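>>> next one to model:
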Amino acid sequence: MKMIGIGDNGAAGLLPQYLEWIEECEVLVGGERHLNFFPSFKKEKKVVKGGLSSLITELQKEKRNVVILASGDPLFFGLGSVLAKKLSIEIYPYTSSVQLAFSKMQESWQDAFIVSLHGRSIKGLAQRIDGRKKIAILTDEINSPQMIAKYLKRFGMTEYDAFVAENLQGQYERYRHMTLDEMETTTFSTLNVVILKQHYVVERSSIGIPDDAFIQRKPDKGLITKREIRILSLQELEIKEKSIVWDIGTCTGSVAIEAAKIAREGEVYAIEKNEHDLKNCLDNQLKHRTDFVAVLGKAPDRLNEFPDPNAIFIGGNGGKLEELLAICISRLRPNGRLVMNIATIENLAEAMHHLKALGCEVSVTQVQISRSKPILNLTRFEPLNPIFIVSARKGTE
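Numbers count the residues shown, from 1 in each chain. Sure, this is the predicted structure:
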């Protein structure tokens, strides 16, 4: 069984050996567009539509000579990686759409960050690409170049110019440089690749965003996980690039935003009971180039809407601590971490009691921090409220 990559120029772009294999096969498999490149093929054609499970089952039973057609390089966001795990198959790649697009742009692409939005949600794209100098994006009808331009402008990512390549090697091939404003108002073919390149450098912020860089509630400014506490809490959460993180009682969103910058390929979910604070969280997401799910609600309500997490931060519990911790630990993945910031010894004692009863390994760090403050030509220290950072690890079960 063979899989052959094919471009938008159809049979004309294939090696003679590949064409011979196609002519000799008994079953030709591919998308409708691929199969239409071979109108003279009179034996069986099998169209790839929807899910692959039924196709894989059929091909596992197939005894005849089969050739499968796939776009570009089948191992580049294509069918190849899925089918190779289930079938005995030989793969013969064509040039990928990204490679072709960069050749038209006359740019190197070994340093490019590549992301596929084809059949995927655009959610989280902001933190994934923030600070990257050169980005290639595979699109679809929903995540079109226009939608991407609009999205980038919402997050203030106007340091990028675009290059859009359409119908590569096809009859209606077109490619052009444009600004985000131009891309937002232009119509494109559905077969396209978008390349973004910084025309001025914007570096990502490092961990520990200053408190005053967040939009906060007024006149009660200061209801935020302070920078120093935030850094220590994030360290205790042990967040990885692909982690799923919950932030319960997110308020300004400071912890969730920093978590999203660490878990660039993961997911962050936040819940906040105060509508005005949630609005600040959403505004802070745009300001700090992070895009995650933040909902209005009082935990543990609505936590069933979130996927099971690797890490949970609790900044506020609304008085349902026992119930909340029981749900969080039950949903936390094995070896996952739960971190709480607690201000009183009574709440500390209660949290430790519940977490130990739930079988967690618990540790506590008391943090007392003072910040320097000028007084005339001198300097004094102004203390922050002492905080207990409670860290719990779930067992492997």
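>>> so what's the residue nearest to L237 when sequence neighbours are not counted bridging to?
Closest residue to L237 apart from its sequence neighbours, by C-beta to C-beta, 6 or more residues apart in numbering: A311 at 4.3 Å. Bear in mind the C-beta positions are built from the backbone N, C-alpha and C, glycine included. Beta-bridge partners for A311, by DSSP bridges, are V245, R337.
>>> other SSEs contacting the host helix or strand of V390?
Using DSSP states H and E, V390 sits in strand 387-393. Helices and strands touching strand 387-393, by 3 or more C-beta pairs under 8 Å, 6 or more residues apart in numbering; DSSP states H and E, are helix 227-237, strand 337-342, helix 345-357, strand 361-367.
>>> can you list the strands that that strand pairs with?
Applying DSSP bridges, strand 387-393 is found paired with strand 337-342 (antiparallel), strand 361-367 (antiparallel).
>>> okay, those, which one's buried deepest?
Among those, strand 337-342 has the highest mean neighbour count (mean count of other C-beta atoms under 10 Å), at a mean of 24.
>>> residue contacts, S254?
By C-beta atoms under 8 Å, 6 or more residues apart in numbering, the residues touching S254 are I209, D211, F214, I224, T225, R230, N284.
>>> the stretch 251-397 of the chain: strands as residue ranges?
267-272, 293-296, 311-314, 337-342, 361-367, 370-375, 378-383, 387-393 (DSSP state E, counting those that start in this stretch).
>>> now render those as CSV, adding distance to L75 and mean pLDDT.
Converted to CSV, the strands of the stretch 251-397 of the chain look like this (distance: least, C-beta to C-beta, whole Å; pLDDT from 0 to 100):
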stretch, distance to L75, mean pLDDT
strand 267-272, 25, 97
strand 293-296, 31, 97
strand 311-314, 32, 98
strand 337-342, 35, 96
strand 361-367, 42, 96
strand 370-375, 53, 94
strand 378-383, 57, 95
strand 387-393, 38, 96
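>>> where in the stretch 201-350 of the chain is pLDDT low?
219-222, 317-318 (pLDDT under 70).
>>> please redo it, this time with the cut-off set to 80
By pLDDT under 80, the weakly predicted segments of the stretch 201-350 of the chain are 218-223, 316-319.
>>> how near is F214 to V245?
Distance of F214 to V245, given as C-beta to C-beta, to the nearest Å: 18 Å.
>>> those two: which is more packed in?
Higher neighbour count among F214 and V245: V245, with 28 against 22, using other C-beta atoms under 10 Å.
>>> so who does the more buried one touch?
Counted by C-beta under 8 Å, 6+ apart, V245 has contacts 237, 239, 256, 259-260, 263, 266-269, 309-313.
>>> related to what we said a few turns ago, can you count the residues close to the residue nearest to L237?
Count around A311 with other C-beta under 10 Å applied: 26.
>>> quickly note the distance from it to W246.
7 Å.
>>> just the helices in the chain please.
Taking DSSP state H, the helices of the chain run over residues 16-24, 32-35, 53-61, 80-86, 97-105, 125-129, 145-154, 180-184, 227-237, 254-262, 275-287, 321-331, 345-357.
>>> excluding chain neighbours, what is closest to I89?
I89's closest residue in space is M1 (C-beta to C-beta, 6+ apart), at 4.8 Å.
>>> hang on, the earlier thing: could you dump the strands paired with strand 387-393 to TSV with distance to R331?
Shown next, in TSV, are the strands paired with strand 387-393 (distance: least, C-beta to C-beta, whole Å):
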stretch	distance to R331
strand 337-342	10
strand 361-367	18
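>>> V194 is nearest to which of those?
Proximity to V194, assessed across these by C-beta to C-beta, is greatest for strand 337-342 (36.8 Å).
>>> list the buried ones in the strand holding V390?
Within strand 387-393, the residues scored as buried using 16 or more other C-beta atoms under 10 Å are I387, F388, I389, V390, S391, A392, R393.
>>> and these as CSV, adding distance to G51?
Below are those laid out as CSV (distance: C-beta to C-beta, whole Å):
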residue, distance to G51
I387, 49
F388, 49
I389, 45
V390, 44
S391, 42
A392, 39
R393, 38
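>>> return the member of those residues nearest to Q171.
Closest approach between those and Q171, by C-beta to C-beta: R393, at 59.0 Å.
>>> got the contact list for that closest one?
Residues in contact with R393 (C-beta under 8 Å, 6+ apart) are N335, G336, R337, L338, C360, E361.
>>> show me the contacts for the fifth one.
By that I understand C360. C360 makes contact with I329, L338, A392, R393, K394, G395, according to C-beta under 8 Å, 6+ apart.
>>> got phi/psi on it?
Main-chain dihedrals, C360, degrees, to the nearest 10: phi -90, psi 150.
>>> quick check: it vs S243, distance?
18 Å.
>>> ditto for the last one
According to C-beta to C-beta, E361 stands 19 Å off from S243.
>>> ok, the fourth one next?
The spacing between L338 and S243, counted by C-beta to C-beta, is 13 Å.
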